[in-house]
Every structure is written in C-alpha cells, then in structure tokens.
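1. Have a look at this fold, sequence not included:
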C-alpha cells in the first residue's frame, strides 16, 4: 500500500494535473490553433506520467512495449508540439513557406511512424532492470542522441524567443515572452541535468519529465497574471458589446479582426470582420494610410487624438478622432482603436469658422474676409478694380414693406452680386446696405463691360414682394489697382469717394475714381 501511494504521488498526481490543465487550456478557446497545440503538448506530458505509473505496476516485460510505443512517441510529440506552439505564438510561422508549414516542424517526430512500421525502438533503451521501487532503463546511445537533439532544439527556441523580445511592441507581449524565456531556460537546465546524467537508485526513472511541472506552473501563472490563452471573446466581451464608443481591433496589415456594435453602427455595416480598415477612409485620407499604419506597428507608436475622415457604407462622410494602443490578443499583436464621432463638433466648428468670415444674412464674405482676400490679390500684377456699392433708398423699403422684406431684399442683392462677380473676383457685405467687391480685369474697357453687365443683371431682376417689383438701385464707386494706388486702404478710400459722388449727383449709377475728385475735394 505504501508503494502504491508513492507511485500515485509521483505519477498519478502530476498526470491528473496535466490532463486537467490540458482540458482547461482547450476550454478557453478550442478554435484557436495555439490552444489546441498547447493542450496536446500538456496532454502528452500527462501521458508520460500515466505511462510511468502503469509501467511501475506491471511486469518488467511490458516496459519495452510501453516505452517504445507510448512513452517514447509521446516524448517526441512534446518536442514537436512545443516548437510548433512557440513558432505560432511568436508569429514566425508567417515567414515559413506555406508548403513547409507546419510539416517541417514535425521532422523530429519521424521516429514515431518508423517505430510503428519497423516495430523497433529508435529513440530509447529496450533493456530494463528493477532496482528498489523502480524499473530503470539502460542508458544507451539512442537515448542520449534523442535527448541531445531535443536540448539543441530547445536552445533554438530560447534564442528565437530572445530575438522576438527585442521586437515586442505591446507591454503585455513583452511580459509574456519574458516569462516564456525564463521558463524555457529553467526547463532547459532541468532537462540537461536530469536527462543526460543518470540518477539510478536516487531519483525515479526519467526524472527530466518533471520539468513539465515547471511549464504547467508558469502557464497557470501566465493565464492568471496576463490573461494568457484566454478566449478573445471572454476578455473583450464587455469592452466590445457594452462600450458606447466604436472600437476596432486591427492587425498589422490593416485588416479588421473585430468591431463592437457601436463601430458597426458608425460605419453602417452588419459585419466588417476581415475587411481592410483603410477602405473606410474617405478618398482624401487613403493615400499612404496603410504604409503609415504599418510604420506605427514597426515603431510601436500609439495613436493619440488622430483626426481622420471615414466614409460609411452609404457614402456618408464623417470626421472621427482615433486613439489607439497595442494589445496582445491570443498571441497576435493588434492595434485597438477607439473612434469618436466628431462630425457634429466639426460641423459646429465649420459653422463658427463660416460665421467668423461671412455675413449671417446674405452668406457673403464679411468685411474681415474681404480685406484678407483682397490684400492677397493686390500682391499680384493684374489690374484689379475695387468696388463699393451702396443701395439707394433702402430705408424706404424697410419703412414701407417691413424689415423682413428688407432682409430678403438684401439677400436677393447678395445673390445677384455673387453670381455676377464670382468668375472675376469676390463680393462681400460689409454692413447694412453696403457691399464691397473686387474684379480682376485686363483694363478699363473690360471693367466697364463687367460693370454694365452687373447693372443689367440688377435691372432685369427686381425683388418681388407680394407681386410688387422692387427695383435694385445703387450708387457704385470704383478705384483701380495699381493705377489709383497699391494699398488696399487707399483703394477703398478712393472707391468710397467715387461712390459718394454718385450719391450727390442723382444716384443709381457708377463712377470710376479720378484725380478730379481730389481736386474738387481740395477746393472745398
């Protein structure tokens, strides 16, 4: 009974731990390749312990069979599965040609089918003898070659993890890789000591298999501490399903791994998994977007308050603000992007900007906008006419028909003025019934043609108020750059003088400034 308890403690207890952990890892996400590999890897360790328990209970004659067909093959699969698992979670598999992956990783397991075909043990001893409580194998060349090959491949795995740690971007990824490196080194040292050297009579047979317990402990710690190997849906269900902010999980290639309901609503889609994120950027934001995205992945740069514009499935364009950081999900690096719809804010901003430079009634540029635009135009060499238009008898319209009609009358004037001037310059309302404009022309003849055209448009298009036509009459003063001056203030002053000349001389006409105005002003 005492011996059975010892065997159970040494073999059945670790085997039970292994099978429980294998089931736990598989249940976390049975669809992921990494979980399948690790579950199989841990289960193979459980098979090693279970086989040893059985081998110590039965006659020594069964030892060659159990070691050849069960223990030895499970050990080879442990080596291959561990390599496959590490290569998968580190992403190295993406660099392996598709016709080689994953088959090339299972070359060390070739003795498994060879053992079954030739009924021969190629990797372990077939000679056993009992010493005390345990049945020990004879150390032979096949066993030592197998152990040495496994240790060499383990060194390669450690080196590969070390190289990957240098390129790790997400803090979680760095911590997980560091954990794997530490554990791999500990297990490597354990296997070297207890796999190469014989401890017959001191320790149970094949003591190196207890190195698997180190792996199990590390994995249990990683799953608890870093949420390692947990199902994506378990980890992000609350964040994705409940969070009112649109959230996207995007890989290095810009492919959307997942989107929460808020993101689907924002983009007007029912499902966008597997689609290219840059496809949703408006045309003016697409160029180079994917290259910049991949550059951020390479540099580990977070996205903070990045303004962009997306286009929904219905063609609606919206401004969004993007914040993003790197997350390590199921052994893959992703950018978790939180989008904020700022379309209403941008519209309000555009409205404020518009109102700062436009007249609220006519929607024409205001004085500020006109001065800035005209100052820029006057830096050129083309002849530019500065116009000041003041409506005649506007007060009587307000008094007779009311201010509402007066406002509509001003809007009507603004529309005609904009339509006539826009091809050659800019029109603005600077206050009350006064409008400014500039026209670019080749000379005075062309200027007069434009003025006559403007006057004709007003003559042909009176404002109708309750079936009553209200003629548009105005006094128009004009000055020309560079003939009458090169500074904007000078040109506006001279146009204003010309306009007042018309006001004094009967109204509803235009006058181009000349030096006679200055002379007449001086004589007064």
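-> Ah, there it is. Computed from a predicted structure; not experimentally measured. Numbering: from 1, shown residues only.
2. ok, residue 437 - contacts?
-> 386, 387, 389, 417, 421, 425, 426, 427, 428 (CB atoms under 8 Å, 6 or more residues apart in numbering). All C-beta atoms are positioned from the backbone trio N, CA, C, and that covers glycine.
3. What mean pLDDT does the one helix or strand the third one maps to get?
-> When elements are assigned from DSSP states H and E, residue 389 belongs to strand 384-391. Model confidence over strand 384-391 averages 94 on the pLDDT scale.
4. which residue ranges form the strands in the stretch 1-150 of the chain?
-> Using DSSP state E, counting those that start in this stretch, the strands of the stretch 1-150 of the chain run over 128-131, 134-137.
5. Oops, could you answer that again for the stretch 201-350 of the chain instead?
-> Using DSSP E, counting those that start in this stretch, the strands found in the stretch 201-350 of the chain span residues 247-250, 256-259, 303-311, 317-329, 332-341.
6. Would you format these as a markdown table with mean pLDDT and mean neighbour count included?
-> Listed next are those as a markdown table, based on pLDDT from 0 to 100; neighbours: other CB atoms under 10 Å:
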| stretch | mean pLDDT | mean neighbour count |
| --- | --- | --- |
| strand 247-250 | 88 | 22 |
| strand 256-259 | 87 | 22 |
| strand 303-311 | 85 | 15 |
| strand 317-329 | 84 | 19 |
| strand 332-341 | 85 | 20 |
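7. Can you tell me which of those strands is nearest to residue 117?
-> Residue 117 lies closest, by CB to CB, to one member of those: strand 332-341, at 38.4 Å.
8. Excluding chain neighbours, what is closest to residue 53?
-> Distance criterion CB to CB, 6 or more residues apart in numbering; nearest residue to residue 53, sequence neighbours excluded, is residue 11 at 3.6 Å.
9. Residue 481 too?
-> Nearest non-adjacent residue to residue 481 (CB to CB, 6+ apart): residue 384, at 4.3 Å.
10. which ones are touching that neighbour?
-> Residue 384 is in contact with 377, 378, 425, 438, 439, 440, 441, 480, 481, counting by CB under 8 Å, 6+ apart.
11. Kindly reformat the residues you listed as TSV containing secondary structure.
-> Shown next, in TSV, are those (DSSP: H, G, I helix; E, B strand; the rest coil):
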residue	secondary structure
377	helix
378	coil
425	strand
438	strand
439	strand
440	strand
441	coil
480	strand
481	strand
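12. Can you name the two of the residues you listed that sit furthest apart?
-> Pairwise over these, using CB to CB, the maximum falls at 378 and 441, 14.0 Å.
13. Pull the residues that contact stretch 393-403.
-> Taking CB under 8 Å, 6+ apart as the rule, stretch 393-403 contacts 405, 406, 409, 432, 433, 465, 470, 473, 507.
14. let's see it at 7 Å
-> Applying CB atoms under 7 Å, 6 or more residues apart in numbering, the contact partners of stretch 393-403 are 405, 406, 409, 433, 465, 470, 473.
15. Low-confidence stretches in the stretch 101-250 of the chain?
-> Scanning the stretch 101-250 of the chain for pLDDT under 70 picks out 168-170, 172, 224, 226-242.
16. For it, just list every one of the helices.
-> Here the stretch 101-250 of the chain has its helices, by DSSP state H, counting those that start in this stretch, at 111-118, 141-167, 171-196, 211-225, 232-241.
17. Can you lay out those as CSV showing mean neighbour count and distance to residue 127?
-> Output for the helices of the stretch 101-250 of the chain, formatted as CSV (neighbours: other CB atoms under 10 Å; distance: least, CB to CB, whole Å):
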stretch, mean neighbour count, distance to residue 127
helix 111-118, 14, 17
helix 141-167, 15, 11
helix 171-196, 18, 18
helix 211-225, 17, 24
helix 232-241, 14, 50
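18. Quick one: low-confidence residue ranges for the stretch 301-450 of the chain.
-> In the stretch 301-450 of the chain, residues with pLDDT under 70: 329-331.
19. 50 instead?
-> Filtered on pLDDT under 50, the stretch 301-450 of the chain yields no residues whatsoever.
20. that older thread, drop anything exposed from the contacts of stretch 393-403.
-> When the contacts of stretch 393-403 are checked for burial by 16 or more other CB atoms under 10 Å, the buried set is 405, 406, 409, 433, 465, 470, 473.
21. Which one of the residues you listed is nearest to residue 454?
-> Residue 454 has its nearest neighbour among the buried ones among the contacts of stretch 393-403 in residue 473, at 12.9 Å by CB to CB.
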